[in-house]
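Asks: quick check, what structure comes out for this input:
(chains A and B)
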Amino acid sequence: MKDKEIFDILENAENESMERLIDKCPEIPDEQLDRILAMSEKKFRDKMAAQERTER
Amino acid sequence: MTSRELAAMMKESPADCHRTLVREYGRYVYAIVYNKLRGCGTKEDIEECVSDVFAALFMKCQFDLSSENDIKSLIGTIAQRKAIDSFRSLCAKEKHITDTDEDDMREIVSDFSVDERVDRSELRRVLLDKIDELGEPDSTILIQKFYYNKDSNEIARSVSMTAGAVRQRCARAMSKLRAKLVEVGIQG
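Replies: Below is the predicted model:
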């Protein structure tokens, strides 16, 4: 088995295993976080607008 | 962060509150989403899903935080749900749907040549235990290299070593890990 394949077993982790993987997660670069924030804000504004349309 | 602190921040400035949430919990959400999508999604799919999680969280902040005491747990739950939705949609798109989890597990268990009774969750725990036994920085190097797919330069920055030293430690640590897995009946 290739080195990377051994680590595929870690997918779909639950509770304790997930926490251990979170601890080892690399830092996310600022520019990536900024991109995620911009995408999230846009989706949020779209959801808000959709909600306002239904409430009218 | 408590729901009271979050509500106060939202009142002061929703935009600043959103930014703080992404800065504080971005890595946490990313790790949860990555765990579910690493086998079927691209980097862009993962970012898309992470942003879905935060958009849903912003909606929650906008309308109802009163019943939420533990913000981290709320974020974790939203992340899990969104990651599962995204996984299903990506699998359907790529026609990767591979029957049930049980079938999946049988295949993996057989790949690892372990007793079929050992379930996947136990296998994960054993693997993580064996990786932890290697100690730092080796355990972080292996997880970041083979699970998070980071290159030696990226790992070097996070463990304050040179890329060459990371490559060297990685090769040695992987051999040690394989030996440890063999000892417990997992043929890597």
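Asks: grab the most central residue of chain A for me.
Replies: For chain A, the residue nearest the mean C-alpha position is residue A:36 (8.9 Å; CA atoms, centre = their mean).
Asks: where are the low-confidence patches of chain A?
Replies: Scanning chain A for pLDDT under 70 picks out the ranges A:1.
Asks: which residues of it lie near chain B?
Replies: Contact residues of chain A with respect to chain B, defined by CB under 8 Å from any CB of the partner chain, are listed as A:1, A:3-14, A:16-18, A:20-22, A:24-28, A:32-33, A:35-37, A:39-41, A:43-44, A:47-48. Placement of C-beta: from N, CA and C, glycine included.
Asks: just the buried ones from those residues?
Replies: Neighbour counting by 16 or more other CB atoms under 10 Å in any protein chain shown classes A:6-13, A:17-18, A:20-22, A:24-26, A:28, A:33, A:36-37, A:39-41, A:43-44 among the residues of chain A next to chain B as buried.
Asks: mind checking which of the residues you listed are in helices?
Replies: With DSSP state H as the criterion, helices contain A:6-7, A:17-18, A:20-22, A:33, A:36-37, A:39-41, A:43-44 from among those.
Asks: and which of those is nearest residue B:87?
Replies: Minimum distance to residue B:87 across those is 14.8 Å, recorded for residue A:18 (CB to CB).
Asks: that closest one is in contact with residue B:35, isn't it?
Replies: Yes. Under the criterion of CB atoms under 8 Å, residue A:18 is in contact with residue B:35, at a separation of 6.4 Å.
Asks: any buried residues in stretch B:142-150, and which?
Replies: Buried residues in stretch B:142-150, counting neighbours by 16+ other CB under 10 Å, are found at B:142, B:143, B:144, B:145, B:146, B:147, B:148, B:150.
Asks: the residues you listed also near chain A: which ones?
Replies: B:142, B:143, B:144, B:146, B:147, B:148, B:150.
Asks: let's have those residues in TSV, adding secondary structure and pLDDT.
Replies: Formatted as TSV, the entries for these read as follows, by DSSP: H, G, I helix; E, B strand; the rest coil; pLDDT from 0 to 100:
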residue	secondary structure	pLDDT
B:142	helix	97
B:143	helix	97
B:144	helix	96
B:146	helix	95
B:147	helix	96
B:148	coil	96
B:150	coil	95
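Asks: among the helices and strands of chain B, which has the poorest mean pLDDT?
Replies: Ranking every helix and strand in chain B by mean pLDDT, DSSP states H and E puts helix B:101-112 at the bottom, with a mean of 52.
Asks: elements contacting the next helix or strand along the chain from that helix?
Replies: Toward the C-terminal end, the helix or strand that comes next after helix B:101-112 (DSSP states H and E) is helix B:120-133. Using 3 or more CB pairs under 8 Å, 6 or more residues apart in numbering or on different chains; DSSP states H and E as the contact test, the elements touching helix B:120-133 are helix A:15-23, helix B:101-112, helix B:138-142, helix B:163-183.
Asks: could you say what helices and strands the shortest one packs with?
Replies: Judged by 3+ CB pairs under 8 Å, 6+ apart, the packing partners of helix B:138-142 are helix B:120-133, helix B:152-159, helix B:163-183.
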